[in-house]
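1. A predicted structure for the sequence below; I have some questions about it.
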Amino acid sequence: MKQKIVFSLFLVLCLNSFLCNKISAQYLDGIINSQWEFYSTNVLSAVSAGKGKTGVASSGDVGLIYLNPATLNIDKKFQVNAGYNLKSDATERIRQNIFSFSVAGAYRLNKKFQVGCAYQNDFNCKRSFHGIRIPEDTEFSFETHCLRISLVYSHKWIRLGLNMNLMNLSSSVQGLSGNLWKINPEIGIIVTPIPEFSLGLSFYPGFSGDIKYHYDNSNDEYLYYVKFPNRIKAGTEIRLYDNKLKLSIDYHYANTSSIEFLKDQNNYHIGLDYSINKNWNLRCGFFTIFNFLENPYPIRYYFSNDINHSDLYFATVGTTYKYQNYSFNLGIMDNIVQNSQEISYFVINFGAGYEF
């Protein structure tokens, strides 16, 4: 009974709704929600993490297909890749969920076609809260699980890519849990008019659906509405000094203004990748996470101001060491400007790959 009361209050405060056994799914879910993306977004490639979260116009690493499916372009017949990222807490109440990793593999069918498969966690977060009516700390968590099946076609100066994404969005709070399954496509293109220059573009269509919360030992259901926005990523890569130095510049857009109390996301990324020799690469970069919450953001009244973050600016460094057919990757991202709300965190990405 105590758990039901706590969860009911949470939904009332977060979603301005009321409790009943079954309700119309017109109420926006406050847990699985784009409002947390300033922290919940995962960088699923240590290579990308080291060079400012860029890579929309890059190629090679199968882990990059979450940025653009057309990036898949392996040198040999097979490639496998895995990675994990560790985040520090953003505040005392916002911290990482355990699901923050990528496992991927790719196979070259012939000169023109390649296929890839990846299990990746695009978003995850844990959040504890309390308020006047909820004096005890209560915690919710959510994560997304995505199985990506990729197909890439290459012809001369163009690569076309398609991801078919099987997604599961799941959340829990005070003994209740909910999940939603979706199949969502993603398309991408990379154009290389000259060997020293390429342009990349990807489009990820938004989706929505109804999510059911329930207790394990109860038939009661609580229906809420989940909405994720359209996303567009555009980028360029310039290759100099016989491909030893690569400059990447990306733009990431999300139509989060389609969700009440949010503004569109417009963020900029820049990265450098320098090949010291055939075994060792060094990287650095910079990217932004501009504030996309409306000010004042209504939900902060009930909990605290720690989600009403200011603009965030990250510096990154990274490296790759190759030994025979193996590669070992490291990327570090750190918030370099502390804002008044004291949201600041750093991320360590590490991964390994094998190509044969």
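-> Thanks, I have it.
2. now do the contacts for residue 264.
-> For residue 264, the contacting residues are 253-257, 292, by Cβ atoms under 8 Å, 6 or more residues apart in numbering. Yep, even glycine has a C-beta here, placed from its N, CA and C like the rest.
3. for the stretch 251-356 of the chain, what spans make up the strands?
-> 265-277, 280-289, 312-323, 326-335, 346-355 (DSSP state E, counting those that start in this stretch).
4. so what does the third one touch, helix or strand wise?
-> If I follow you right, that is strand 312-323. Judged by 3 or more Cβ pairs under 8 Å, 6 or more residues apart in numbering; DSSP states H and E, the packing partners of strand 312-323 are helix 46-50, strand 280-289, strand 326-335.
5. what bridges to residue 123?
-> residue 41 (DSSP bridges).
6. residue 202 too?
-> Note on residue 202: beta-bridge partners residue 188, residue 233, judged by DSSP bridges.
7. before we move on, what about residue 334?
-> The partner residues for residue 334, given DSSP bridges, come to residue 315, residue 346.
8. touching, it and residue 346? I think so.
-> Yes - the criterion here is Cβ atoms under 8 Å, and residue 334 meets it with residue 346 at 4.1 Å.
9. one step back: please identify the most buried of the helices and strands packed on strand 312-323.
-> Between the helices and strands packed on strand 312-323, helix 46-50 has the highest mean count of neighbours, a mean of 31, where neighbours are mean count of other Cβ atoms under 10 Å.
10. for that one, C-alpha coordinates in PDB please.
-> Provided in PDB are the C-alpha atoms of helix 46-50 (Å, rounded to 0.1, in the frame of the first residue of the first chain):
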ATOM      1  CA  ALA A  46      35.200   5.400 -27.500                       C
ATOM      2  CA  VAL A  47      36.600   6.600 -30.800                       C
ATOM      3  CA  SER A  48      33.800   9.200 -31.100                       C
ATOM      4  CA  ALA A  49      34.100  10.100 -27.500                       C
ATOM      5  CA  GLY A  50      37.700  11.100 -27.800                       C
END
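11. in its sheet, what does the helix or strand just after it sit against?
-> On the C-terminal side of helix 46-50, the closest following helix or strand by DSSP states H and E is strand 78-87. Using DSSP bridges, strand 78-87 pairs in its sheet with strand 101-108 (antiparallel), strand 346-355 (antiparallel).
12. out of the ones you listed, nearest to residue 176?
-> strand 101-108 (25.6 Å; Cβ to Cβ).
13. which residues sit against the next helix or strand after the closest one?
-> Going down the chain from strand 101-108, the next helix or strand is strand 113-120, by DSSP H and E. With contacts defined as Cβ under 8 Å, 6+ apart, strand 113-120 is touched by 42, 44, 62-63, 65-66, 69, 72-74, 101-109, 145-154.
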